[in-house]
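# Provide a 3D model corresponding to the input given below.
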Amino acid sequence: MSGGQDSARRALDKAYAAIAALGRWRARFLAAVLGALAVLAMAPVYQIYLLIPAFSGLLWLSAAAQTRWHAFVVGWWFGAGYFGASLYWVSFALLVDAERFAWLIPFAVFGFAFGLGIFGACAAWAVRAVPGSLSARALMLAGAWTVLEWVRAWLFTGLPWNPVGSAWAFSDAMMQGASVIGVFGLSLFTVLFAAGVGALVPSDQGARRLVAVAGLIGVAGLAFGEYRLSTAVAGPVDGVRLRLIQPNIAQAEKWKRKLLRRNMMTQIDLMLAPPAAGSKPPTHVIWAETAAPFFIANSEDWRRVVGQATPPGGLTILGAPRVVGGADGEFQVANALLAITETGAVAATYDKSHLVPFGEYVPLSDWLPLDKITQGQGAFTPGAGPVTLTLKGLPPVSPLICYEVIFPHQVTDPADRPQWLLNLTNDAWYGKTAGPHQHFVTARFRAVEEGLPAVRVAFTGISGIIDAYGRVQSRLGLGEKGFVDGDLPQAIPRPGAYARWGNTVPLSLSIAIILAALFAVYGRAQGRNRDTD
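The predicted model follows:
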């Protein structure tokens, strides 16, 4: 062993011994710090190397816990740090109408932190439940963490925010693995390597092999990504030129009745602005989620104004609330997308199907004395989704409103595959925080996973056009006013493994790694029995 390797090994030994000697509350505090540290690997910071101390520390704390319950609690604190740092920006939405909702900020921050922290607790419990070597426990941590990311995508309507694999968004090449194993699969091998480094302590002979294998998988993923990008052939869709409208109007001003005309005309002016010199004029214009903050489908005058600004023969696609009829004739409202023709007619609609709890409806509303934080009385009504819309002059599209884009393998109709994804969102609620950056990353990963270009239009940013390989073709930054003109990229003709089989791929790999952890423990126990005999 070289001097450098020997020094690194001694440093790991000392760190492991120090963590193992911590009292319960110090261990819990450290776990929360490590969980928050892991989030610095995500957008917009991308300090991915911090995942190594974060997950190595979780591995050590879980393994050193006196009982499984103690490991569960330590993992809960790690999860609280992770999800508290991941979702701190949600509290900014409560400041838009501070008089009504600011008092909820502590409940939101700690509710998200310790509510979702249960997933970290379950992962740590699984680690402590495996006896024996740290390498076997690192395998269990990687497998359990990834399975729990998948569970988080659907349990209680789901919130798969910041899966560990999304930390690779800084590298177009490393993102390409998501076309095969999805972002959850990237999480699996990332946690495997990060925790595997923590297993490099004395008496654990399997750790070197574990880190070497995980590292080789990472190198292979990089090589695959570079090759995939070098052979990319998808060009622009003929005859389509998009204009994305980003008015950058503050959320507090968006719904004020006295500012309605000003806000609408700001967006109309952006529609009519001339393209850059030498650029083609737009054929289709797209506004953000609820960019028309009223029932525009019921307003012939405003539809006529929008239609007059619509490119000849094209469409204006925008977000707005829409009146929908309930089964009993009751007045109901949907968060909708509308396509408006040059004559002002509504050519197509889509109603958001995956609503945001507390934002667009209140769960258990009969027992909770709360109002939804978005404007308007009563809850929104969900539509059917995902769906594929056929719009004039455009390839078939899967519309996604707001956070519908964050759900892996839930963004297209499997019976009617679209040719692109369209995400209208309003991140004005969250100011200049990490939230909009991370939201933009989710759209890029859905593009890679599905082999489909994604177009994202956000009221205050980040808006952009993303090709089917997750590469950003054009964008307008957070907090900027203006528009983005660009061609619509083509879809990849043959979808990848993840688009065809979905989460079966990363789940199968995760279960295989969990079984490998159990077999490693069993094999070691059998070896000890033979030695005893």
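# got the residue ranges for the helices in the stretch 101-250 of the chain?
With DSSP state H, counting those that start in this stretch, the ranges of helices along the stretch 101-250 of the chain come out as 105-129, 134-152, 172-175, 178-198, 206-230.
# The shortest one - contacts with which helices or strands?
What it means is helix 172-175. helix 206-230, helix 434-450 (3 or more Cβ pairs under 8 Å, 6 or more residues apart in numbering; DSSP states H and E). Using the backbone N, CA and C atoms, a C-beta is placed for each residue, glycine as well.
# To residue 297, which of the ones you listed lies closest?
Ranking the helices and strands packed on helix 172-175 by their distance to residue 297 (criterion: Cβ to Cβ) puts helix 434-450 first, at 26.3 Å.
# distance between that closest one and the chain's centre?
When distances are taken as Cα atoms, centre = their mean, to the nearest Å, helix 434-450 is centred 6 Å away from the chain's centroid.
# Please shift the residue numbers so they start at 432 in all later answers.
New numbering, starting at 432: the last item is helix 865-881.
# List the neighbouring strands of the helix or strand following it plus their orientation.
Using DSSP states H and E, the helix or strand that follows helix 865-881 towards the C-terminus is strand 885-889. Applying DSSP bridges, strand 885-889 is found paired with strand 851-856 (parallel), strand 894-897 (antiparallel).
# Can you lay out the ones you listed as JSON lines showing distance to residue 914?
As requested, the strands paired with strand 885-889 are exported to JSON lines (distance: least, Cβ to Cβ, whole Å):
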{"stretch": "strand 851-856", "distance to residue 914": "15"}
{"stretch": "strand 894-897", "distance to residue 914": "8"}
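# can you redo the ones you listed as a markdown table with mean neighbour count?
Formatted as a markdown table, the strands paired with strand 885-889 follow (neighbours: other Cβ atoms under 10 Å):
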| stretch | mean neighbour count |
| --- | --- |
| strand 851-856 | 27 |
| strand 894-897 | 26 |
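# and of those strands, who's closest to residue 454?
Of these, nearest to residue 454 by Cβ to Cβ is strand 851-856, at 44.9 Å.
# most tightly surrounded among the helices and strands packed on helix 603-606?
helix 865-881 (a mean of 25; mean count of other Cβ atoms under 10 Å).
# Restricting the selection to alpha carbons, write that one to CSV.
Coordinates of each C-alpha in helix 865-881 appear next as CSV, following Å, rounded to 0.1, in the frame of the first residue of the first chain:
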residue,chain,number,x,y,z
ALA,A,865,-32.9,26.4,-5.6
GLY,A,866,-36.4,25.1,-6.3
PRO,A,867,-36.8,26.4,-9.9
HIS,A,868,-33.3,25.2,-10.8
GLN,A,869,-34.1,21.7,-9.5
HIS,A,870,-37.5,21.8,-11.2
PHE,A,871,-35.8,22.5,-14.6
VAL,A,872,-33.5,19.5,-14.0
THR,A,873,-36.5,17.2,-13.7
ALA,A,874,-37.6,18.2,-17.2
ARG,A,875,-34.2,17.4,-18.5
PHE,A,876,-34.2,14.0,-17.0
ARG,A,877,-37.7,13.2,-18.3
ALA,A,878,-36.4,14.1,-21.8
VAL,A,879,-33.5,11.6,-21.4
GLU,A,880,-35.6,8.9,-19.9
GLU,A,881,-38.4,9.1,-22.5
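# Does anything pack onto that helix? Which helices or strands?
Going by 3+ Cβ pairs under 8 Å, 6+ apart, helix 865-881 lies up against helix 603-606, helix 609-629, strand 851-856, strand 885-889, strand 894-897, helix 928-932.
# and for the third one, what are the contacting residues?
The set of residues external to strand 851-856 that reach it, using Cβ atoms under 8 Å, 6 or more residues apart in numbering, is 717-720, 722, 748-750, 768, 826, 828-836, 842-843, 870, 874, 877-878, 881, 883-890, 919-920, 922.
# if we go to 7 Å?
Identification of contacts with strand 851-856 by Cβ atoms under 7 Å, 6 or more residues apart in numbering yields 719-720, 750, 768, 826, 828-833, 836, 842, 870, 874, 877-878, 881, 883-889, 919, 922.
# can I get the CA coordinates of stretch 531-538 in PDB?
This file holds the C-alpha atoms of stretch 531-538, laid out as PDB (Å, rounded to 0.1, in the frame of the first residue of the first chain):
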ATOM      1  CA  ARG A 531     -53.000  34.400   5.800                       C
ATOM      2  CA  PHE A 532     -50.300  31.800   5.500                       C
ATOM      3  CA  ALA A 533     -47.000  32.900   7.100                       C
ATOM      4  CA  TRP A 534     -47.900  31.200  10.300                       C
ATOM      5  CA  LEU A 535     -47.700  27.900   8.400                       C
ATOM      6  CA  ILE A 536     -44.000  28.200   7.600                       C
ATOM      7  CA  PRO A 537     -42.700  26.300  10.600                       C
ATOM      8  CA  PHE A 538     -45.200  23.500   9.900                       C
END
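# pLDDT averaged over that stretch, what's the number?
Average pLDDT, stretch 531-538: 82.
# what's the answer for stretch 883-901, then?
So the average pLDDT for stretch 883-901 ends up being 97.
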